[in-house]
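Undergrad: how would this look folded up:
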Amino acid sequence: MALLLTIFCLVFVTELISWIGKSVLLDLVYAVYLRVFYSAKVAQQRKLKSEILVNKKELLQTSAQDQFAKWAKLRRSVDKGLSDLEKLNGELSSTRSSFSMKFNSALWFFTGGLQFLVGWWYRKTAVFYLPPGWFGPLTWWLSFPFAPSGSVSCGIWQMSCRRVIKIGERVVKELVAVGPVSSARSGVEEVAADSKQE
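TA: This next block holds a predicted model:
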């Protein structure tokens, strides 16, 4: 029973991750990662951006002909700030690409890799046994490739779980999509009825 639930949970988590989307998860986890490990750099980036905006605003309000010294000083300050910001953005960008590679590798290992590992490790083990005669001569197919005859193998159980979860996902998506459409139709019908009464 533990093997049955383990395989189902692995397949469910894999399908849930594919439904949510790896890029969405990457963005969420990366935001937490930045807050925990790179909070100083993010704060510095925010501070640099605000300083640049303030200096740029003041630069635009200063006349280059009438107040050249002040304008030149502000211009150098803006240029230096932009250079520092570009350097900091480059560091954070390289951090993101490195994190993305590690995150995608870990995600693959904890979803697809573990499914493969569990399927390989328990390849000769029956997930559960079928009552004799239920499927007749097709029972050998359910135990494919190495499970005992009359049982369901890990590979077949994984495929079955994935299929049922995908069907359930489609049903939920259709139910969610039908709900707003039917309420929108009733709203349109009410407006049409109101216009006829007038």
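
Undergrad: so what pLDDT did residue 69 get?
TA: Listed pLDDT for residue 69 reads 87.

Undergrad: Just say helix, strand or coil for residue 132.
TA: Taking DSSP: H, G, I helix; E, B strand; the rest coil as the rule, one finds residue 132 in the coil state.

Undergrad: ok, the residue nearest to it when sequence neighbours are not counted - how many residues close by?
TA: Sequence neighbours aside, residue 150 is the residue nearest to residue 132 in space, at 6.6 Å (criterion: Cβ to Cβ, 6 or more residues apart in numbering). (C-beta placed from N, C-alpha, C; glycine too.) Applying other Cβ atoms under 10 Å, we find 17 residues neighbouring residue 150.

Undergrad: and residue 150, what does it touch?
TA: Contact analysis of residue 150 by Cβ atoms under 8 Å, 6 or more residues apart in numbering lists 129, 130, 132, 139, 143.

Undergrad: before we move on, what about residue 160?
TA: So residue 160 contacts residue 152 (Cβ under 8 Å, 6+ apart).

Undergrad: still on that earlier bit, Throw the contacts of residue 150 into CSV and include distance to residue 66 and pLDDT, thanks.
TA: Formatted as CSV, the contacts of residue 150 follow (distance: Cβ to Cβ, whole Å; pLDDT from 0 to 100):
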residue, distance to residue 66, pLDDT
129, 92, 90
130, 92, 87
132, 99, 85
139, 93, 82
143, 90, 85
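
Undergrad: Please name the residues that touch residue 74.
TA: 55, 58, 59, 62.

Undergrad: Mark which of the residues you listed are part of helices, please.
TA: Per DSSP state H, helices hold the following members of the contacts of residue 74: 55, 58, 59.

Undergrad: quick one on the thing from earlier: now the contacts of residue 74 in TSV, with neighbour count and pLDDT?
TA: TSV is the format used below for these (neighbours: other Cβ atoms under 10 Å; pLDDT from 0 to 100):
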residue	neighbour count	pLDDT
55	20	90
58	14	90
59	18	86
62	17	86
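
Undergrad: So for residue 103, what's the nearest residue that isn't a sequence neighbour?
TA: residue 26 (5.6 Å).

Undergrad: Can you tell me how far the residue of the chain most remote from its centre is from residue 60?
TA: For the chain, the residue at maximal distance from the C-alpha centroid (Cα atoms, centre = their mean) is residue 66, at 54.6 Å. Distance, residue 66 to residue 60, using Cβ to Cβ, to the nearest Å: 14 Å.

Undergrad: Need the overlap of contacts for the two.
TA: Joint contacts of residue 66 and residue 60 (Cβ under 8 Å, 6+ apart) do not exist.

Undergrad: ok, residue 22 - how many residues close by?
TA: 15.

Undergrad: Please name the residues that touch the residue lying closest to residue 128 once chain neighbours are set aside.
TA: In space, residue 128 comes closest to residue 152 once its chain neighbours are excluded; the distance is 5.7 Å by Cβ to Cβ, 6+ apart. Contacts for residue 152 were tallied using Cβ under 8 Å, 6+ apart; they are 126, 127, 128, 129, 130, 142, 143, 160.
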